[in-house]
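J.: Below is the sequence, then the predicted model.
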Amino acid sequence: MTYTVALIGNPNVGKSVIFNNLVPGAHQHVGNWPGKTVEKKEGKFTHKGKQIKLVDLPGTYSLTAAAEDELISRNFIVDEKPNLVVDIVDASNLERNLYLTYLLLELETNILLVLNMTDIAEDKGYKIDVNKLSFQLGIPIISTVATKGTGLKELKDAILTAANSSPQVNSKVYYGEKIEKLINNIIVLLKKDHELSQKYSLRWLAIKLLEKDEQILDIIKKSKNATELLEIIS
Amino acid sequence: MKAKEILGEDAELVLADARYDSINKVVKTSLIKGERKWSASDLLDKVFLNKYVGIPAFFALLWAVFQFTFKVSTPFMAMIDMFFKWLTGYAALIPNDIVASVIGDGIFGGLGFILQFTVPIFFLFFALAILEDSGYLTRVAFVFDRLLFKLGLHGRSFIPMLIGFGCNVPAIMAARSIEGKKDRLITILIAPFMSCAARLPVYVLIAGAFFATNAATAVWSMYLIGIFVAIVFALLLRKTILRGDPAPFIVELPTYKMPTLKGAVLHMWERGVSFLKKAGTYLLVGAIIIWSLSVLPWGVTPGSGESLIGMIGQTIQPVFAPLGFSWQISGSLIFAFMAKEVLVESLGVIYSVSSDVGIQAALVNSITPLSAYALMVFMLLYVPCLATIGVIKKETNSWKWTAFSAVSQCVIAYLGALIVVGVGTLLGL
């Protein structure tokens, strides 16, 4: 079987360098996302006898419905359900980059974190305890310096291992007692709609509903309990 | 249970804050920030992004840019000038007087004259390309955002303004990247005050003739006045017809890169050549039209008050009399509505058909240095060109705003020049 793996990350984290390294130019396919002017790059490579289809998602800071490129990334993860999402972060800018990671964690997708540009982080005097970070986030982590080719062999191994495992769902933001109660109330209502519970992470839907995300509002409006759900956020 | 009671008006922000809190906790335990090795990029930013030094540093760099532009351009300009004088000498040998005049005075005198002033444009683009490729220009937007935001303006506005140093047309189009409708409109309305490359020939001609050793500084002052007027006008709009609060501005600052000679030359060539193309097309047509107006009706002394251009100039001159502009300049200002460099071309034709004295010498004889500086200010603030008006109409999709923009620029240009003359006279200049 072929694993589908998506590459995601903020702009300027070296995502293209990693993509080009994993999939040699001749095997790349460049086109547009259906009906969009946003470029779509994908390609296949084989590692240890397994075939992997790599899809390059647009570089974004967030995953809102308001921006076209962010919506493309989000819809790909929700609709296509890739076996693995490789989240590339700039190790010298962890705080900002992890925001996208947290949004991915909320989507309850299978994540492999790549700490890229660790050389620049070292120059800045950063020491990152990778094991501790991995434990706290509940996802596997690989360190690389893509521009120098460091850690890319290990990355391939890690992609294969991670793509083969199921998503970890143990790490989430704790939003505080009141908000959590609100989220749980919404989840109870959402659960009654089986179609929704099959397709989406209900916690994610609930959070997006609280954010009044346009795309999610449209989905909720068509669901059972729509009036009660919309009443909560009115 | 209502979400609003718990999350308030902006739920997205509250939830995002909670995520950042979690991130900070995680990062605190797994990341140790040790002694930082200072990179060259950090050190440069210590200066260029400094709260107090940042903006003065930008103006200082800009001053250096014009010193460079002037110093390097001068020999090339002299060469082009000599070349066209030599050609004009040959044009005089043409037996037919009319053909000799249209080629010698119209094309060589007008178009050839303006060609020498394209040299500084090339070097200005070269210098700006170096600033851009090094990553510095992005920082200028950042530095100005701090000031602009305090004044209630959108920091992103400064990026179109920087583009405006090259040409106002793409600057106005770049305003599309600004989200709020009012922020965008303000940016479109102030972008024409940014001194574009086509105004440079005018400054170089006038400053070169009147301010000799301080010419580069005089030109530099135009760019400062342009930025100043743009900011004041934006503030005025913000406080009156376009009230509102600006959205915060986020810009990613890449590390500094060593600009390459090849990259800078390519940049310079790409942008400079578009100016040469203009010279080959409508500036050529302009030269012939202005020449015709300056020799018709047949029989009058060419370029005199009796010629068509003389009549136009004299009719309009009373309007500009308080500024001390001669009829030659007043008439040329009408043509300069099409594009600013046409002023140089028009003065070139008028003076070359009427006399053999150098154009710069003729200019010095006709107005005072104070009026000359007022003329530079007028050209800075006056409608940049027809193309700008066209793109404002396209981008705002409103004749009302387009008319507002054009009229306000004419009024501000006149007032600006009047202030220069007034203050100068008070100071006894």
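T.: Arrived safely. In this text the structure is predicted, and so the values were computed from the model without any measurement. Numbering: from 1, shown residues only, chains lettered A, B, ... in the order given.
J.: What parts of chain A come near chain B?
T.: A:11-12, A:94-95, A:98-99, A:102-103, A:123-130, A:132-133, A:136-137, A:173-176, A:178-179, A:181-182, A:185, A:207, A:210-212, A:232-234 (CB under 8 Å from any CB of the partner chain). The C-beta positions use only the backbone N, C-alpha and C, and glycine is treated the same way.
J.: If we go by neighbour counts, what in stretch B:295-314 is buried?
T.: B:295, B:300, B:302-303, B:307, B:309-314 (16 or more other CB atoms under 10 Å in any protein chain shown).
J.: which SS class is residue B:306?
T.: coil (DSSP: H, G, I helix; E, B strand; the rest coil).
J.: Quick one: residues contacting it.
T.: residue B:300 (CB atoms under 8 Å, 6 or more residues apart in numbering or on different chains).
J.: got the buried residues for the helix ranked longest in chain B?
T.: Longest helix of chain B, by residue count under DSSP state H: helix B:54-91. Neighbour counts using 16+ other CB under 10 Å place B:54-55, B:57-58, B:62-63, B:65-70, B:72-73, B:77, B:80-81, B:84, B:88, B:91 of helix B:54-91 among the buried residues.
J.: how close does residue A:4 get to residue A:75?
T.: 14 Å (CB to CB, to the nearest Å).
J.: Poorly predicted segments of the stretch 201-350 of chain B, please.
T.: B:245-252, B:299, B:303 (pLDDT under 70).
J.: again, 90 this time
T.: B:201-216, B:218-219, B:227, B:230-232, B:234-350 (pLDDT under 90).
J.: Do you have the helices of it handy? List them.
T.: B:215-239, B:261-280, B:282-295, B:308-320, B:327-335, B:341-354 (DSSP state H, counting those that start in this stretch).
J.: circling back: so which of the buried residues of stretch B:295-314 is the closest to residue B:371?
T.: residue B:313 (15.2 Å; CB to CB).
J.: if we can go back for a sec, single out the most deeply packed of the helices of the stretch 201-350 of chain B.
T.: Highest mean neighbour count among the helices of the stretch 201-350 of chain B (mean count of other CB atoms under 10 Å in any protein chain shown): helix B:341-354, with a mean of 28.
J.: tell me the angle of that helix relative to helix B:54-91?
T.: 30 degrees (axes from the mean of the first three to the mean of the last three CA atoms, to 10 degrees).
J.: What lies in contact with the helix or strand just after helix B:341-354?
T.: Moving toward the C-terminus from helix B:341-354, the next helix or strand (DSSP states H and E) is helix B:359-366. Contact with helix B:359-366 is made by B:113, B:205-206, B:208-210, B:326, B:328-329, B:347-348, B:351-352, B:355, B:357, B:372, as judged by CB under 8 Å, 6+ apart.
J.: Apart from its neighbours in sequence, what residue is nearest residue 147?
T.: Going with chain A. Excluding its sequence neighbours, the residue lying closest to residue A:147 (CB to CB, 6 or more residues apart in numbering or on different chains) is residue A:17, at 6.0 Å.
J.: meant chain B actually
T.: residue B:55 (6.7 Å).
J.: Tell me if I'm right that that neighbour and residue B:142 touch.
T.: No: look at residue B:55 against residue B:142 with CB atoms under 8 Å: they stay out of range, at 11.1 Å.
J.: anything in contact with each of these two?
T.: By CB under 8 Å, 6+ apart, no residue touches both residue B:55 and residue B:142.
J.: Number of residues surrounding residue 32?
T.: Picked chain A for this. Using other CB atoms under 10 Å in any protein chain shown, residue A:32 is surrounded by 10 other residues.
J.: not quite, I wanted chain B
T.: 11.
J.: That one should be in a helix, yeah?
T.: No: per three-state DSSP, residue B:32 lies outside any helix segment and is strand.
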